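Undergrad: need a structure here:
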Amino acid sequence: MRPVAAILLPLNARWNALPGQLRGAILITLSGVFGTVMSVVIKLLGSRIPTAEVAFIRSVFAFMWIAPFVFAAGLAVLRTAYPWWHVIRGVAGSLSLLGSYYALIHLPIADATAYGFTRALFLVVLAALLLGEPFRTSRIVATVLGFGGTLIMLRPHGGIEFAALIALGAALSTAFSVTSIKKLMRTEAPVTVIFYFSLTSMVFTAIPAIPVWVMPHGDEILLLVVAGALGTANQALIVRAYRSADATVIAPFEYLQLLWAAGLGFLIFSDVPGIYTWLGAAVIVAANLMLTYWERRRKV
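TA: Residues are numbered from 1 along each chain as shown. Down below sits the predicted model:
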């Protein structure tokens, strides 16, 4: 039998020989697949395991993943000039986890995924308010268009679902978390930011998880382990994708996750997205792509 290294090294060489833009497109597509499978697992768990418990266990996995990197870099990397910003970022990220998991459990996966894409629109507003970034005409147009698509999905004349509002709240929390990262990354090392987020989210999600704790059964323990591994892999793939290629190249592939979500939602849960879901999601995706394209042109 050939040694593992003898097999992996040629594959790694072939992978590195691919153009960066192609590698980025492949990685972001894989991240969408991993993220969608994780969504399915969370929805399956939600039939018995409380949302807060799932979010807490996910945070524990994230902390276990980053801890070895902290020890490798040395404990001095934990020194920070902005401890409260780390706490704020951790709380915002925890609210995002709790909200997005609740939405996945109570909405069709395609709907929850589409609402999640509004985070880029919230980010435009928060970056202008909190970081002083300019609110250009192109950003205003894309934001208004995107939230128009959100209204199409919400269909306010027919009664707004509570879970849909939670999904939008989770997207807002995600945008606030990203805004906090932008501020922190001006002076902090990436490993510092990730460590404090993992620690804060683990503590914060434990608060609502403990009172409603349900002891997982054998299959549920396996699903929780799978969800944690998929979540970590998903984040790693996204980071590597954006390191390999420009956002304008890989953004269209990111939105393929809507197709994976719709497909798995139908096959596993018999969810069939309605016309308003597809139309609203199309408008939200178009607004995000326009925003990405305009931002890229401005930097050229």
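
Undergrad: Only C-alpha atoms from now on, for both contacts and neighbour counts.
TA: Noted.

Undergrad: C-terminal to the helix or strand of the chain with the lowest mean pLDDT, what's the next element?
TA: Of all helical and strand segments in the chain, the minimum by mean pLDDT, DSSP states H and E falls on helix 4-17, at a mean of 64. Once the chain leaves helix 4-17, the next helix or strand it forms, by DSSP states H and E, is helix 20-45.

Undergrad: Following the chain onward from that next one, which element is next?
TA: Next along from helix 20-45, by DSSP H and E: helix 51-73.

Undergrad: Pull out the buried residues from that following helix.
TA: The neighbour-count check on helix 51-73 (16 or more other CA atoms under 10 Å) flags 51-63, 65-66, 70 as buried.

Undergrad: Just the mean pLDDT for it, thanks.
TA: Averaging pLDDT along helix 51-73 yields 85.

Undergrad: Need the contact partners of it.
TA: 42, 45, 77-78, 94, 97-98, 101-102, 191-192, 194-195, 198-199, 201-202, 205-206, 208-210, 212-214, 224, 227-229, 231-232 (CA atoms under 8 Å, 6 or more residues apart in numbering).

Undergrad: Just the CA trace of it, in CSV.
TA: These are the backbone C-alpha positions of helix 51-73, laid out as CSV (Å, rounded to 0.1, in the frame of the first residue of the first chain):
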residue,chain,number,x,y,z
THR,A,51,-31.8,25.5,19.7
ALA,A,52,-29.6,26.9,22.5
GLU,A,53,-28.1,23.6,23.2
VAL,A,54,-27.1,23.0,19.6
ALA,A,55,-25.6,26.5,19.4
PHE,A,56,-23.6,25.9,22.7
ILE,A,57,-22.2,22.6,21.5
ARG,A,58,-21.3,24.2,18.1
SER,A,59,-19.4,26.9,20.1
VAL,A,60,-17.6,24.3,22.1
PHE,A,61,-16.3,22.7,18.9
ALA,A,62,-15.1,26.1,17.6
PHE,A,63,-13.2,26.7,20.9
MET,A,64,-11.6,23.2,20.7
TRP,A,65,-10.5,24.0,17.2
ILE,A,66,-8.8,27.3,17.9
ALA,A,67,-7.2,26.5,21.3
PRO,A,68,-4.2,24.5,19.8
PHE,A,69,-3.4,27.5,17.5
VAL,A,70,-3.4,29.8,20.6
PHE,A,71,-0.9,27.6,22.4
ALA,A,72,1.2,27.3,19.3
ALA,A,73,1.4,31.1,18.9
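
Undergrad: Any idea how far that helix is from the middle of the chain?
TA: Mean-position distance between helix 51-73 and its chain equals 16 Å (CA atoms, centre = their mean, to the nearest Å).

Undergrad: All set now, cheers.
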